[in-house]
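In: Take a look and give me a structure for this.
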Amino acid sequence: MARNDGSEVVAELLELAKLLEGPLFERVAYKWANEVVMPEVRANCPVRTGELLNSIELKITENGISITATAPYASYVHDGTSEEEANPFIEVAIERNIYILLDMFEAAVLETLS
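Out: Residues are numbered from 1 along each chain as shown. Next up, the predicted model:
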């Protein structure tokens, strides 16, 4: 008699999770960050002198993908101060596009399995 306790689904999900480790994860995450998030980050970055905009960097780190602005005053703009409202242009771009990342992962996994 076949078991219908979900163990097959769990096993399949664990196999899919393994596919998201390493190069596949890095390739999909970098493509999403570079092609989807970065254009929105740049479009929503406030510009007075261009220093903040020009300091935006995309890097692959040990923990995944990192998008940062390295201008000396970047955190004051992004996180705000007691006198200036926050403009979290990086965080907003990531949150707004997270479902696209999930779709890209799904497509990559399906492509890998086929």
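In: For this protein, which segments count as helices?
Out: Secondary structure of the chain by DSSP state H: the helices cover 7-19, 23-32, 38-44, 51-54, 74-79, 89-96, 98-113.
In: what bits of this protein have low per-residue confidence?
Out: 1-21 (pLDDT under 70).
In: quick revisit: to G64, which of the helices of the chain lies closest?
Out: helix 23-32 (6.1 Å; Cβ to Cβ). All C-beta spots, glycine's among them, are computed from the backbone N, C-alpha and C.
In: The closest one: how far from the chain's middle?
Out: 9 Å (Cα atoms, centre = their mean, to the nearest Å).
In: Could I get the CA-only coordinates of it as PDB?
Out: Output of helix 23-32 as PDB, limited to C-alpha atoms (Å, rounded to 0.1, in the frame of the first residue of the first chain):
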ATOM      1  CA  PRO A  23      26.600  27.800  -8.500                       C
ATOM      2  CA  LEU A  24      22.900  27.700  -9.400                       C
ATOM      3  CA  PHE A  25      21.900  29.800  -6.400                       C
ATOM      4  CA  GLU A  26      24.700  32.300  -7.100                       C
ATOM      5  CA  ARG A  27      23.900  32.500 -10.800                       C
ATOM      6  CA  VAL A  28      20.200  33.100 -10.300                       C
ATOM      7  CA  ALA A  29      20.700  35.500  -7.400                       C
ATOM      8  CA  TYR A  30      23.300  37.600  -9.200                       C
ATOM      9  CA  LYS A  31      21.200  37.800 -12.300                       C
ATOM     10  CA  TRP A  32      18.200  38.900 -10.300                       C
END
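In: just to revisit the earlier point, I'd like to know which of the helices of the chain is closest to I60.
Out: Closest approach to I60 among the helices of the chain is made by helix 23-32 (6.1 Å; Cβ to Cβ).
In: For the closest one, enumerate the helices and strands it packs against.
Out: strand 56-61, strand 64-69, helix 98-113 (3 or more Cβ pairs under 8 Å, 6 or more residues apart in numbering; DSSP states H and E).
In: ok, how many other residues are close to the closest residue to A93 other than its chain neighbours?
Out: Spatially, and ignoring its direct neighbours in sequence, A93 is nearest to E40 (4.0 Å; Cβ to Cβ, 6 or more residues apart in numbering). For E40, the count of nearby residues is 16 (other Cβ atoms under 10 Å).
In: Cool, thanks, talk later.
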